[in-house]
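S.K.: need a structure here:
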Amino acid sequence: MSKILRINTKEKSYDIQDAQGDLASLGGRALTSRIVLNEVPATCHPLSKHNKLIVAPGLLSGTAAANSGRLSVGAKSPLTGGIKESNAGGLVSQKLGRLGIKAIVLEDKPENNAFSLVVIKKDSVEILPADEYVGLGNAETMKRLWEVYGKRVGVMSIGPAGEQRLTAACINLADTNGRPGRAAGRGGLGAVMGSKRIKAIVVDDGGTDKVPLADPEAFKAANRRWVEILNSHPVTGQALPTYGTAVLINIINEAGALPTKNFRFGRFEHAQDISGEHVTELIEKRGGKTKEGCHPGCVINCSNVYHDKDGKYLTSGFEYETIWALGADTTIKEIDDVAMLDRLCDDIGLDTIETGVTLGVAMEGGLIPWGDGKAAIDLVKKVATGEPIGKIIGNGAVFTGQALGVDRIPIVKRQALPAYDPRSVKGVGVTYSTSPMGADHTSGYAVAPNILKVGGDVDPLKKEGNVELSKNLQIATAAIDSAGLCLFVAFAVLDTEDGVQTIVDMLNAQYGLSLTPDDVIKLGISILKDEHEFNSRAGFTKVHDRLPDFFKEPLPPHNTTWDFTEEELQPAKHFD
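M.R.: So this is what the prediction gives:
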């Protein structure tokens, strides 16, 4: 992969360039964050012509490496006001890798409201009118694009939320069935794509050759060992394939860390009704699919296809964070209502975490009753129609809280907290506070050692060791994101002596390099430095590394509080 495709969205023109300098050796998140730092004015309005949306496959994407089909999407976030990388599965990453495209960069901004469709093939790039797709949900958009361009093309699109430039808007990617079950969810990047008036990007790798490998035999051997590592670990080889990511509902609930009723409690009395075990039971009973990869080449298969009580397709990619946000946080216990909310979010193009927390804030403000799934469904539907209340909900938790006069809004850097209460999982609380991405569990998944006891054992209820834990995981995660690898591989890597070395072996065999595990750490540090530097230029300081004051309240059942000072958190951001 050596080409950068730059698309001028105002002029409807494009330029294909050889990646030069440091960009030539980067991929995934490392590349999106470097381009954002170098080319986007940190103080610009995120929806202005000065922002750029960068789409980048990982360094291993397009190869046969297991679980290497993740895509990084980066920009200045209209939700946080800082740098953002959002990560997703689907088909696009591997197809860009096979096309030799290191990154797509959407630049400038049209002067009118006419949307375009970008179609990328082996020997052509087209920027076409998208009039017939405007106003459609992601499901219908993807269905029609597969009908026109062939099944199995990669598609990434925005729904009505992105078209309206709402700050909870995500970018959805077609899964292996052509459904919008995968999302670059966090940070409102769908609004940035909408500001560029790009409705969808189609990527067709037909006619391409395999990604060239410097040492094919060494790559095969390393990948063979890589698959062994993933298949043999109890989390990646057993728990996730059996029950999906929602296996965590009961685990985190038992740990007293499942945020319930807008982060008032650590346990949800109806957790079993929304658990991975119950979801799996219903899938099997109704004829859905319990195992599915979020991209081709996945050997973990933690995704799923969920049917309604009549055996008809309802949603896919029905996962832990989504089920928690739309379920326990809102106290909605009917799993089919939660699944319908997930379907609506995928179709409208809304981040399920931000939307679930926003619904909790709306319930806090008395807009709809606690636990009322049908009222929540009706409210989310209003986002698609552009009604005023829909625009409020579609702009996320902070905006909704301001509109309703609510003071209990669980956010950091204006982004909603995910599915682990920081008072009971303090390592992930450090990540929420200090990550340049805003509240984002995937930036440094301290749940692994804190709760699952994977990769170590650090007490989740005490301060000791959690700042260093979060820092090290943030470094490792940044590097994993740059390789195009699924975050969940970290479970196996953390517990396997040659885990990191095996990833390094694949990279070396692909590119003819002689990297060491230390180089991986250096890469992760360099990424975080880029991201913190951008945020510093944008005006962020240590005062933005705060959880809201209500997290000082004791959290049942452990009655722990968030007790870190800003000064105690700062070492998680210092890498010298």
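
S.K.: what residues are up against Ala239?
M.R.: By CB atoms under 8 Å, 6 or more residues apart in numbering, Ala239 lies in contact with Val247. Bear in mind the C-beta positions are built from the backbone N, C-alpha and C, glycine included.

S.K.: How about Gly137?
M.R.: So Gly137 contacts Gly159, Pro160, Pro180, Asp347, Ile348, Gly349, Ala384 (CB under 8 Å, 6+ apart).

S.K.: Longest helix in this structure, please.
M.R.: The longest helix of the chain (DSSP state H) is helix 517-537.

S.K.: Format the contacts of Gly137 as JSON lines; extra columns: neighbour count, pLDDT and distance to Glu254.
M.R.: Written out in JSON lines, the entries for the contacts of Gly137 read as follows (neighbours: other CB atoms under 10 Å; pLDDT from 0 to 100; distance: CB to CB, whole Å):
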{"residue": "Gly159", "neighbour count": "31", "pLDDT": "98", "distance to Glu254": "36"}
{"residue": "Pro160", "neighbour count": "25", "pLDDT": "98", "distance to Glu254": "39"}
{"residue": "Pro180", "neighbour count": "32", "pLDDT": "97", "distance to Glu254": "33"}
{"residue": "Asp347", "neighbour count": "25", "pLDDT": "98", "distance to Glu254": "33"}
{"residue": "Ile348", "neighbour count": "33", "pLDDT": "98", "distance to Glu254": "33"}
{"residue": "Gly349", "neighbour count": "33", "pLDDT": "98", "distance to Glu254": "34"}
{"residue": "Ala384", "neighbour count": "21", "pLDDT": "98", "distance to Glu254": "37"}
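
S.K.: What is the most widely separated pair among these?
M.R.: Pro180 and Ala384 (13.4 Å; CB to CB).

S.K.: what sits in contact with each of the two?
M.R.: Gly137, Gly159, Asp347.

S.K.: do you know how far the first one is from Val92?
M.R.: What it means is Gly137. For Gly137, the distance to Val92 equals 19 Å [CB to CB, to the nearest Å].

S.K.: you'd agree Ser157 is up against Ala139?
M.R.: No: checked against CB atoms under 8 Å, the pair Ser157 and Ala139 is beyond contact range at 9.7 Å.

S.K.: what about the two, which has more around it?
M.R.: When neighbours are counted by other CB atoms under 10 Å, Ser157 and Ala139 differ, and Ser157 comes out ahead with 29 against 20.

S.K.: Excluding chain neighbours, what is closest to that one?
M.R.: Distances taken as CB to CB, 6 or more residues apart in numbering put Ala200 closest to Ser157, at 3.7 Å, once the chain neighbours are dropped.

S.K.: What of Glu254?
M.R.: If the residues on either side of it in the chain are set aside, Glu254 comes closest to Arg267, at 8.0 Å by CB to CB, 6+ apart.

S.K.: What helix or strand is Ala376 located in?
M.R.: Secondary-structure assignment from DSSP states H and E places Ala376 in helix 373-385.

S.K.: which parts of that helix are buried?
M.R.: In terms of neighbour count (16 or more other CB atoms under 10 Å), helix 373-385 has its buried residues at Gly373, Ala375, Ala376, Ile377, Leu379, Val380, Lys381, Lys382, Val383, Ala384.

S.K.: before we move on, back to that, what residues does the residue nearest to Glu254 make contact with?
M.R.: Arg267 sits next to Asn253, Glu254, Gly256, Leu258, Thr260, Pro556, Pro557 when contact means CB under 8 Å, 6+ apart.

S.K.: Tell me, how many residues neighbour the second one?
M.R.: Residues contacting Glu254 under the criterion other CB under 10 Å number 13.

S.K.: Look up the pLDDT of it for me, please.
M.R.: The score at Glu254 is 98. That number is its pLDDT.

S.K.: Please apply the same query to Phe575.
M.R.: According to the predicted model, the pLDDT of Phe575 comes to 88.

S.K.: on that earlier part again, now render the contacts of Gly137 as JSON lines, adding secondary structure.
M.R.: Formatted as JSON lines, the entries for these read as follows, by DSSP: H, G, I helix; E, B strand; the rest coil:
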{"residue": "Gly159", "secondary structure": "coil"}
{"residue": "Pro160", "secondary structure": "helix"}
{"residue": "Pro180", "secondary structure": "coil"}
{"residue": "Asp347", "secondary structure": "helix"}
{"residue": "Ile348", "secondary structure": "helix"}
{"residue": "Gly349", "secondary structure": "coil"}
{"residue": "Ala384", "secondary structure": "helix"}
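
S.K.: The residues you listed into a markdown table, with extra columns for distance to Thr400?
M.R.: Compiled in a markdown table, the contacts of Gly137 are given as follows (distance: CB to CB, whole Å):
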| residue | distance to Thr400 |
| --- | --- |
| Gly159 | 19 |
| Pro160 | 18 |
| Pro180 | 24 |
| Asp347 | 20 |
| Ile348 | 16 |
| Gly349 | 17 |
| Ala384 | 17 |
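
S.K.: quick one: the strands in the stretch 351-500 of the chain?
M.R.: Counting by DSSP state E, counting those that start in this stretch, the segments of the stretch 351-500 of the chain that form strands are 411-412, 415-416.

S.K.: Most tightly packed of those strands?
M.R.: Sort the strands of the stretch 351-500 of the chain by mean neighbour count, taking mean count of other CB atoms under 10 Å, and strand 415-416 sits at the top with a mean of 30.

S.K.: Give me the number of neighbouring residues for the nearest residue to Gly386 once chain neighbours are set aside.
M.R.: Leaving aside its sequence neighbours, Gly386 sits nearest to Gln164 (CB to CB, 6+ apart; 6.2 Å). By the measure other CB under 10 Å, the count of residues near Gln164 is 21.

S.K.: again with Thr496
M.R.: Counted with other CB under 10 Å, the neighbours of Thr496 add up to 18.

S.K.: Check the gap between it and Arg225 for me.
M.R.: 10 Å.
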